[in-house]
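In: have a look; sequence and predicted model below, questions after that.
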Amino acid sequence: MTQRADVVVIGGGQAGLAAGYHLRRLGVDFTVLDAQSAPGGAWQYMWDSLHLFSPAAYSSLPGRLMPPQPGQTYPDGKRVVDYLADYEKRYELPIQRGIQVDAVQRDGQFLRVESGSGSWRARAVFSAIGSWSRPFLPAVPGRDVFTGRQLHTAQYRRPADFAGQRVIVVGGGNSGAQIAADLAHETELTWVTRREPRFLADDIDGRILFDVATARRRALDEERTDTGGVASLGEIVAVPPVREAGTQDYSRPSRCSSASPRTASSGPTAAAQRPTRSSGARASARPSLTSRHSGFAARAGT
Ligand SMILES: Cc1cc2nc3c(=O)[nH]c(=O)nc-3n(C[C@H](O)[C@H](O)[C@H](O)COP(=O)(O)OP(=O)(O)OC[C@H]3O[C@@H](n4cnc5c(N)ncnc54)[C@H](O)[C@@H]3O)c2cc1C
């Protein structure tokens with residue numbers, strides 16, 4: 001049977017909830033269709049140690065402040081899930097869960113939203129599906145013949161799953177930095193990035209990024225000179241675990257991974273090698289790339 005709504009929002013993560021809030025205020029007849037069985041969107045699947053870049057008050061959806069998390073300046077992922085669950089309840093958002101939308105088709109003047117659990121006819125459709133459920137894995141040469149485990153950020157949970165193993169983290173953004181910091185103590189870690197990681201100063205977090213991004217938007221809207229925005233400051237926010245990894249003792253020799261030179265020639269360049277706690281490690285000289293692109297070590301002033 002085909003159901004009707006003025007607007008169908010696909011996706012019940014933070015973007016879908018914010019859209020729902022405004023649609024409700026406008027008095028629009030709408031429904032939110034979400035593939036998950038529980039609230040929280042992508043935040044349900046983030047790694048255990050993940051913390052926001054910004055204090056709670058800077059992470060709020062429209063209408064309702066995120067309450068601070070006692071003892072934490074930066075709320076953790078579970079806190080966000082709790083907040084989103086509370087938010088949709090508070091505003092009584094009409095969310096239908098466990099609905100995977102397969103297609104949106106034109107249907108005369110309307111749009112038809114199709115899923116295995118039924119279809120909806122709507123005047124407008126919001127797509128708020130995020131990117132978490134469709135992770136992008138680049139075609140790195142040799143990937144198909146590598147016999148080890150390969151996973152995307154979206155599948156990573158905790159360092160204990162890799163304890164004592166040789167692990168390469170690829171990527172110099174916030175996810176790469178946070179996961180590298182997470183794995184640094186329990187694995188034989190190599191962190192590989194395309195260029196030298198660009199850390200933001202310790203006192204720059206989401207609050208300042210928000211202000212700087214807002215100032216740029218205003219400047220562009222008013223046709224003033226482009227201020228450069230947040231990209232001019234750096235990329236990696238020094239959240240506490242990343243900061244802590246950057247102040248470790250790096251004086252011990254690293255274990256060498258043969259993968260570094262190989263990946264360096266086929267795309268990304270080796271950026272950082274972290275010593276591990278494994279005492280029986282086969283010590284070898286740090287690759288020269290490490291001293292040029294020293295990653296966490298750069299923050300420790302080495
Ligand atoms: C290290 C790190 C730190 C971050 N810090 C912050 C931060 O401080 N603040 C911040 O705002 N963001 C932060 N983010 C990003 C944040 O996680 C995402 O921006 C956010 O989850 C995107 O919300 P969304 O609603 O667009 O998508 P999602 O949260 O991915 O929600 C999309 C929903 O749509 C559903 N869906 C997908 N396809 C379909 C379909 N076909 N049919 C039905 N449902 C579907 C999904 O199941 C999901 O429930 C961070 C991310 C990382 C990795």
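Out: Done, it's in. Numbering: from 1, shown residues only.
In: contacts and neighbour counts: CA atoms only from here.
Out: Fine.
In: return the residues of the stretch 1-150 of the chain in contact with the ligand.
Out: Selection of the stretch 1-150 of the chain residues close to the ligand by C-alpha under 6 Å from any ligand atom yields 10-16, 33-36, 41-43, 52-54, 59, 99-102, 128-133.
In: if you set the cut-off to 8 Å instead, what comes out?
Out: Within the stretch 1-150 of the chain, the residues that sit near the ligand (C-alpha under 8 Å from any ligand atom) are 10-17, 33-36, 39-43, 46, 50-54, 59, 98-103, 115, 128-133.
In: just the buried ones from those?
Out: Among these, those classed as buried by 16 or more other C-alpha atoms under 10 Å are 10-17, 33-36, 39-43, 46, 50-54, 59, 99-101, 115, 128-130.
In: can you list which of those are found in helices?
Out: Among these, the residues falling in helices (DSSP state H) are Gln14, Ala15, Gly16, Leu17.
In: which ones are touching the residue nearest to the second one when sequence neighbours are not counted?
Out: Translated: Ala15. Once flanking residues are discounted, Ala15 sits nearest to Ala128: 5.7 Å by C-alpha to C-alpha, 6 or more residues apart in numbering. Contact analysis of Ala128 by C-alpha atoms under 8 Å, 6 or more residues apart in numbering lists Val9, Ile10, Gly11, Gly12, Gly13, Ala15, Gly16.
In: and the contacts of stretch 10-25?
Out: So stretch 10-25 is in contact with 9, 29-30, 32-35, 39-42, 61-63, 84, 87-88, 91, 93, 95, 101, 125-130, going by C-alpha under 8 Å, 6+ apart.
In: apart from its neighbours in sequence, what residue is nearest Thr225?
Out: Ala219 (6.4 Å).
In: count residues in the vicinity of that neighbour, would you?
Out: A count of nearby residues for Ala219, using other C-alpha atoms under 10 Å, gives 16.
In: does it sit in a helix or strand, and which one?
Out: helix 206-221 (DSSP states H and E).
In: up against the ligand, what does the stretch 201-302 of the chain have?
Out: So the stretch 201-302 of the chain meets the ligand at Gly206 (C-alpha under 8 Å from any ligand atom).
In: taking the stretch 201-302 of the chain, what residue is nearest to the ligand?
Out: In the stretch 201-302 of the chain, the residue that lies nearest the ligand is Gly206 (6.8 Å; C-alpha to the nearest ligand atom).
In: measure that residue to Ala238 for me?
Out: Relative to Ala238, Gly206 is positioned 11 Å away (C-alpha to C-alpha, to the nearest Å).
In: more neighbours, the two?
Out: Ala238 (23 against 17).
In: for the helix holding Ala219, buried residues please.
Out: Buried, per 16+ other C-alpha under 10 Å, within helix 206-221: Gly206, Leu209, Val212, Ala213, Ala215, Arg216, Arg217, Ala219.
In: cool, stretch 191-208 as well?
Out: Buried residues in stretch 191-208, counting neighbours by 16+ other C-alpha under 10 Å, are found at Trp191, Val192, Thr193, Glu196, Pro197, Arg198, Phe199, Leu200, Ile204, Asp205, Gly206.
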